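> fold the stuff below for me.
(chains A and B)
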Number of protein chains: 2
Amino acid sequence: MDFSSFLTSLGTSFLIFIVLMILFALLQSKPGNNVVYYPNRILKGLDPFEDGYKTRNPFSWIKEAYSSSEKDVIAMSGVDTAVYFVFLSTVFSILILSGIILLPVLLPVAITDVDGMTNTTSKGTFEELDKLSMGHITARSARLWAFFIACYWVSLVSLFLLWRAYKRVSWLRSEAQKSPDVKPEQFAIVVRDIPPVPVGQTRKEQVDSYFKTIYPETFYRSMIITDNKEVNKIWEELEGYKKKLARAEAVYAGSKTTAKPEGTRPANKTGCLGLIGKKVDSIEYCNEKINELVVKLESEQKVTIREKQQNAALVFFSNRVVAASAGQSLHAQMVDTWSVFSAPEPHQLLWPNLKIKYFTRQLRQYLVYFIVALMIFFYMIPITFVSAFTTLKNLVKLLPFLKSIEKIVVLRTVLEAYLPQIALIIFLAMLPKLLLFLSKLEGIPTESHVVRAASGKYFYFTVLNVFIGVTLGGTLFSTFKTIQNEPKQIVSLLAESLPGNATFFLTYVALKFFVGYGLELSRLVPLIMYHLKKKYLCKTEAELKEAWAPGDLGYATRIPSDMLIVTIVLCYSVIAPLIIPFGAVYFGLGWLVLRNQALKVYVPSYESYGRMWPHINNRILASLILYQITMFGYFGVQKFYYAPLLIPLPILSLLFGFVSAKKFYPAFQHPALEIAAPGLKEVPNMELIFRSFIPPSLSSEKVEDDQFEDARSQVSRSTSFV
Amino acid sequence: MDFSSFLTSLGTSFLIFIVLMILFALLQSKPGNNVVYYPNRILKGLDPFEDGYKTRNPFSWIKEAYSSSEKDVIAMSGVDTAVYFVFLSTVFSILILSGIILLPVLLPVAITDVDGMTNTTSKGTFEELDKLSMGHITARSARLWAFFIACYWVSLVSLFLLWRAYKRVSWLRSEAQKSPDVKPEQFAIVVRDIPPVPVGQTRKEQVDSYFKTIYPETFYRSMIITDNKEVNKIWEELEGYKKKLARAEAVYAGSKTTAKPEGTRPANKTGCLGLIGKKVDSIEYCNEKINELVVKLESEQKVTIREKQQNAALVFFSNRVVAASAGQSLHAQMVDTWSVFSAPEPHQLLWPNLKIKYFTRQLRQYLVYFIVALMIFFYMIPITFVSAFTTLKNLVKLLPFLKSIEKIVVLRTVLEAYLPQIALIIFLAMLPKLLLFLSKLEGIPTESHVVRAASGKYFYFTVLNVFIGVTLGGTLFSTFKTIQNEPKQIVSLLAESLPGNATFFLTYVALKFFVGYGLELSRLVPLIMYHLKKKYLCKTEAELKEAWAPGDLGYATRIPSDMLIVTIVLCYSVIAPLIIPFGAVYFGLGWLVLRNQALKVYVPSYESYGRMWPHINNRILASLILYQITMFGYFGVQKFYYAPLLIPLPILSLLFGFVSAKKFYPAFQHPALEIAAPGLKEVPNMELIFRSFIPPSLSSEKVEDDQFEDARSQVSRSTSFV
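Down below sits the predicted model:
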């Protein structure tokens, strides 16, 4: 890619961004689009335009986003979102602090080195941008000291800001957990690996007597986990028919107003997809089915509660401190029996995973790791091919008929600029669902944990495949034999290959923030989908609400893809400092756009009180270490004899990781007791807390209290005290 | 060493053993020696000869030891001792089960291989014993399959028995902890890293208010840890004068009966060691000093309690479950503040180490590890020299004047047989104190933990220096260049060197059990020391009691030296199966002798409920893995093409370690709550429990309750409930 195609790429990206911004300004002011641009506010029962911003100034969102406080974010979108902003602002600050030193110093140092260029390592792609990079410096030059000091500056700034961020997040977490509001999950623990029921006892009696002995005064009740597969199926079927009924009634009512006054009763066929089979009256048919299913559900609920009990249970305590302490204490002498953890939010609990036994979980985990590792390494082959082929020159060599295209200058530059990036982005879109599925297979018991696990896998995937893969793949044709002969030299090879790919990643980052955040803010796709659904599909209020349901921020993919940018920007920060402003814009613009989205659009699907942070912290550290190692390699390539002086840096980073894990991490694993100790606003209603953990399929209106008695225990004699 | 010197060595060892046994039989029957041979029984207030064994049959101890049950051991010597016997019997069983298969199969297979010997790897020491070893097998021979299968047999037997042992120990621990006796340590936790005292509060108020908030109902009191250095010094001085006074009074009383009726008042000089200075009347002088010191102690106690408070405290709970749970729960959001652990027995607590801060402890630990590593590697040099020189032939080469000694056949054989072993044993006797000191430096807070840590260091030392050092060192002259050039080949080098040292280790093991256990049982040294002291030094009952105080089993050195035998025997088990009976005798005889010692002699100085076991387990596993790796190397040396089929063995061992650590270990770190839950025999007397943790230097008779109020809190309003 030469300089002009780089500029073209930047220009087009910017153009798309401007267009998307104008579209956003136009579209968001239309009241009909409120549910697309303000769903979070609407769902919280707030007016979309409060605080006097009713002027619908197309840029007022910037002011609103900028002036919003962390408290607003927590109130509107929870602690997890606030932690995500800590991440964005931390990386932004790192880049700003790095940039204000590196850009004014390194760029002049690089550009004024007249002896350079002959030693440039960016093979064959001699170009203007290279003059601004470290590759332009003469080998062994004293000018390399400037780059050397820059390495230290970036590392120290990163570590300092990461430490502050960890402290901040830790505080945010403790404040949220300390809150005097009664949260059901703070009064419950999950028990797994319950040993087989002794003869003459029910599972419930076993669990109750075990915990009553240990907590005679604070034990409230237990709820045995059941196998809900069957009952969930029936419940979903029932809910489906309820929706169909509502829809049919809406259609019937609609037909009354438009055509004949007595209306047309909607009909449908009972067979596959409503295409074959007997034609029946929809309303009657649905009513029939619903009555049938309600009976079936009730009997299945009874069967489930009585007979499908598993070796896991929820145990409720009438005291927040006791529950916090119980969730982290060893209960049984053998660790693979009665293992406990603090309960997550009720809807986060993955019931089917709770019955998996201790060592089976371990085994599953390693199996999944193995599969993911295979996936990472076998995806590497296609991706290296993609990035090696998708330079137009290579394509023309292989497919001569493309030569005509190459001659049309505009088309050629656009194609050259975008081909590799688009291939990459499409490629990455395929993965997240699979990783979420695999993470669930591990036997992880909570939704938020699954997201964290998937996000970790995705991170390794992107760093290994996209960053390292593209970097090495871009020079694969020329260095394939080197890799084969000296597999140990991957560090110096990576260091050698980095400068050649600087412009690729510059455009990649620019594409990500201009087009990515443009689409994010303008919500073009959800908008179009909503209007299409509204016009042609939705008949009832519920269907309409479903059509504009905004979803959550999607940490499983969002954080790894941000992290890829962190890795890219850090690794290039000293080699090609020009990438720093690009990175800073990515995180600055991201902060602004997502602040708007968090306050107005997305609705978090769970709250884990910032448990994502230790993972984010460790991955930024990993990127930092990768950067430090490649810099060490690159200084070697530049024949800088003092390169070994860089060795303290990765050691310092590892030490940082060790200390921060020791100091902060345990409080992310277990609730600290001092945080559970402060008083509550009200005496907790244990019955409500207990009920909140009953899954919807087991708690339909008609199922009355006494039916649960088989799966839960009697109220303990000493009634609730705070 | 040739065959005859091997037999001489065995013979002399056996002779010494017989002599010691006869001495034991004679001496132990004399009532005057009861305090040497039955101190544990005497201290427990039991008659030395119960159960009708009054016949003083010289061999009755064997029957008594053999017929004693695990319960007897626990009653007389605690769970730690019982766990030590589980270790001895487990290794014994491993060796018996290995031996009954390996000896009848491998010895004939080896001895009947007529083509062998040309390929023997025991360089230059062609001898009779080699015919019985794997070195006698022709390379590539199909006979190697027998040895191959033997490798699997030994490994599987070991793992199976280790699993059973871990289960057993875990059960022993839980039974002991479950006991309904009130144990002070089960009601207390130790808090370290308390943050600085807030303005306007005392340390005591700070601690009390913190724990009262978290445990409003079960918190009893706290005791602030103080810097007792000064007060301990004064107290020790006081105790010293009290002893001197008692001694002087005894001397005075004695002089009344023997010489003149009015007696001679003893006198002493006040200066250095009683040799210089003014001559004074001892009784008057001591009384004076005692009165002086009592006053000084009292004021120092007050100062200590008020002004020398540290950032650590003991916190007492009125409920066993709460204390168990509190000792393992995270209390503060920042882990380096308010860190807790379950209290050990009062006298185990190392007060001076409690004030050390969280990350200082970490740092100290790594520093000590580094020092120990240095020590291990620098001791290697002298030890390799020792073992290379201490063959008489080598000595003669270097010191020609020894030639005359070499010619006296008897002297030569005895010297040849013993020189290296004695050098080794003396060498190893120097180390334990230093390692205990270093372990204390780490900042470890309890006595038993220090012993475990020292024992671990000692284990690495012996295995690396004695076993690997001697093995490689014995052939150091011939292979020194090989090591230098190919440092990676240490495994195959070790495998090659093993057979050459088989007889050395055979004699080493025999020496250890014949002479070692002979001395152990006959207690010759303590007996002589006691009688000397009794005759010339002791004047008072207390001094006499001190003279025969038996001490404890000394796990810090006993277990590592047993472990060295385990390593040696396992590593040679297949190469030279003749070592198996030697090992079996070591552990069988050891079991018998130490059973006697545990029941009658040693008094344990602490009780850690078998926390030593996970360490023992891991070290046996480490020996097993070392054995498996050297066998893999040795099969390679023997050019056995199926050697890679041994690779599953170390993997299996690692897996075993992983699973057993996951399943059993946590219950050794923290008390399981189900074990703390069962009811107690009596309502715990919290005042007594609290008092038991006051160190003797702070609790002299005259210091009354109210003086402690500064270092401990008010009795919590809700008084003790179980």
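> need the contact list for A:Ala253.
A:Gly263 (C-beta atoms under 8 Å, 6 or more residues apart in numbering or on different chains). For the C-beta atoms, the positions are set from N, CA and C on the backbone; glycine is no exception.
> any idea how far it is from A:Asn291?
Look at A:Ala253 and A:Asn291: by C-beta to C-beta, to the nearest Å, they are 22 Å apart.
> and what of A:Val414?
Here the criterion is C-beta to C-beta. By it, A:Val414 lies 61 Å from A:Asn291.
> phi and psi next, for the closest residue to A:Phe359 other than its chain neighbours.
Leaving aside its sequence neighbours, A:Phe359 sits nearest to A:Asp336 (C-beta to C-beta, 6 or more residues apart in numbering or on different chains; 6.3 Å). The phi and psi values for A:Asp336, taken as degrees, to the nearest 10, are phi -90, psi 20.
> swap in A:Ser299?
With angles defined as degrees, to the nearest 10, A:Ser299 sits at phi -70, psi -40.
> again, but for A:Phe219
phi -70, psi 130.
> give me the pLDDT value at the residue nearest to A:Phe359.
At A:Asp336, the model reports a pLDDT of 86.
> could you do A:Tyr369 as well?
Looking at A:Tyr369, the pLDDT reads 93.
> now swap in the one 3 residues further on and tell me
Predicted confidence (pLDDT) at A:Val372: the value is 89.
> in stretch A:71-89, what's buried?
For stretch A:71-89, the neighbour count (16 or more other C-beta atoms under 10 Å in any protein chain shown) marks A:73-74, A:76-89 as buried.
> strands along chain A, start to end?
Assigned by DSSP state E, the strands in chain A fall at A:188-192, A:219-226, A:267-269, A:279-281, A:309-317, A:339-342.
> so for A:Val19, which of the ones you listed sits nearest?
Closest to A:Val19 of these is strand A:267-269 (C-beta to C-beta; 43.2 Å).
> quick one: strands adjacent to the closest one?
Strand pairing for strand A:267-269, determined by DSSP bridges: strand A:279-281 (antiparallel).
> and the contacts of the partner strand?
Applying C-beta under 8 Å, 6+ apart, the contact partners of strand A:279-281 are A:Arg265, A:Pro266, A:Ala267, A:Asn268, A:Lys269, A:Thr270.
> quick one, what contacts the fourth one?
For A:Asn268, the contacting residues are A:Gly274, A:Lys279, A:Val280, A:Ser282, A:Tyr285, taking C-beta under 8 Å, 6+ apart as the criterion.
> now do the contacts for the fourth one.
Taking C-beta under 8 Å, 6+ apart, we find A:Ser282 in contact with A:Lys244, A:Leu245, A:Ala248, A:Val251, A:Arg265, A:Pro266, A:Ala267, A:Asn268.
> tabulate these (CSV), appending pLDDT.
Putting the contacts of A:Ser282 into CSV (pLDDT from 0 to 100) gives the following:
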residue, pLDDT
A:Lys244, 83
A:Leu245, 85
A:Ala248, 82
A:Val251, 81
A:Arg265, 75
A:Pro266, 76
A:Ala267, 75
A:Asn268, 75
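> filter the residues you listed to the buried ones?
Buried members of those, counted by 16+ other C-beta under 10 Å: A:Lys244, A:Leu245, A:Ala248, A:Val251, A:Pro266, A:Asn268.
> among the residues you listed, which ones are in helices?
Under the assignment DSSP state H, those contribute A:Lys244, A:Leu245, A:Ala248, A:Val251 to helices.
> related to what we said a few turns ago, check contacts around the residue nearest to A:Phe359.
With contacts defined as C-beta under 8 Å, 6+ apart, the neighbours of A:Asp336 are A:Asp193, A:Lys357, A:Tyr358, A:Phe359, B:Lys662, B:Lys663.
> domain-wise, how is chain A divided?
Here the domain parsing of chain A from the TED database is A:3-182+A:488-677, A:185-344+A:691-717, A:358-442.
> how about those domains in JSON lines, adding distance to B:Ser692?
Formatted as JSON lines, the domains of chain A follow (distance: least, C-beta to C-beta, whole Å):
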{"stretch": "domain A:3-182+A:488-677", "distance to B:Ser692": "26"}
{"stretch": "domain A:185-344+A:691-717", "distance to B:Ser692": "25"}
{"stretch": "domain A:358-442", "distance to B:Ser692": "38"}
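> determine which of those domains shows the lowest mean per-residue pLDDT.
The minimum mean pLDDT among these belongs to domain A:358-442 (a mean of 74).
> A:Tyr66 is in contact with A:Trp591, isn't it?
No: using C-beta atoms under 8 Å, A:Tyr66 is not in contact with A:Trp591, being 9.1 Å away.
> these two: who's more crowded?
Counted by other C-beta atoms under 10 Å in any protein chain shown, A:Tyr66 and A:Trp591 do not tie: A:Trp591 has more neighbours, with 19 against 11.
> what's near enough to touch that one?
Shown in contact with A:Trp591 (C-beta under 8 Å, 6+ apart): A:Phe85, A:Leu88, A:Ser89, A:Phe92.
> which member of those is positioned nearest A:Leu673?
Distances from A:Leu673 to those, taken as C-beta to C-beta, are shortest for A:Phe85 (28.6 Å).
> pretty sure that closest one is touching A:Val73, no?
Yes: applying C-beta under 8 Å as the test, A:Phe85 and A:Val73 come out as touching, 6.2 Å apart.
> which neighbours do these two share?
A:Arg595, A:Ala598.
> check whether the longest helix belonging to chain A comes near chain B.
Determined from DSSP H, the single longest helix within chain A is helix A:70-111. No: Helix A:70-111 does not reach chain B (C-beta under 8 Å from any C-beta of the partner chain); its nearest approach is 13.9 Å.
> pull the contacting residues for A:His621.
Let me fix one detail, which is that residue A:621 is Leu and not His. A:Leu162, A:Ser653, A:Phe656, A:Gly657.
> number of nearby residues for the nearest residue to the third one once chain neighbours are set aside?
For A:Phe656, the nearest residue in space outside its immediate sequence neighbours is A:Leu159; the separation is 5.2 Å by C-beta to C-beta, 6+ apart. Applying the criterion other C-beta under 10 Å, we find 21 residues in the vicinity of A:Leu159.
> correct me, but A:Leu159 touches A:Leu654?
No: if you go by C-beta under 8 Å, A:Leu159 and A:Leu654 don't touch, sitting 11.1 Å apart.
> A:Thr507 contacts A:Leu7, correct?
No: the criterion here is C-beta under 8 Å, and A:Thr507 misses it with A:Leu7 at 10.0 Å.
> neighbour-wise, which of these two wins?
Between A:Thr507 and A:Leu7, counting by other C-beta under 10 Å, A:Thr507 is the more crowded of the two (24 against 14).
> distance of the more buried one from A:Leu626?
21 Å.
> repeat for A:Gly679
For A:Gly679 relative to A:Leu626 (C-beta to C-beta), the value is 47 Å.
> give me the most central residue, chain A.
In chain A, the centroid-proximal residue (C-alpha atoms, centre = their mean) is A:Tyr555; its distance is 1.4 Å.
> next, the contact list for the closest residue to that one other than its chain neighbours, please.
The shortest distance from A:Tyr555 to any non-neighbouring residue, by C-beta to C-beta, 6+ apart, is to A:Val451 (5.5 Å). Neighbouring residues of A:Val451 by C-beta under 8 Å, 6+ apart: A:Leu436, A:Ser439, A:Tyr555, A:Ala556, A:Met612.
> tabulate those in a markdown table, adding columns for distance to B:Leu521.
Output for these, formatted as a markdown table (distance: C-beta to C-beta, whole Å):
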| residue | distance to B:Leu521 |
| --- | --- |
| A:Leu436 | 67 |
| A:Ser439 | 61 |
| A:Tyr555 | 68 |
| A:Ala556 | 68 |
| A:Met612 | 63 |
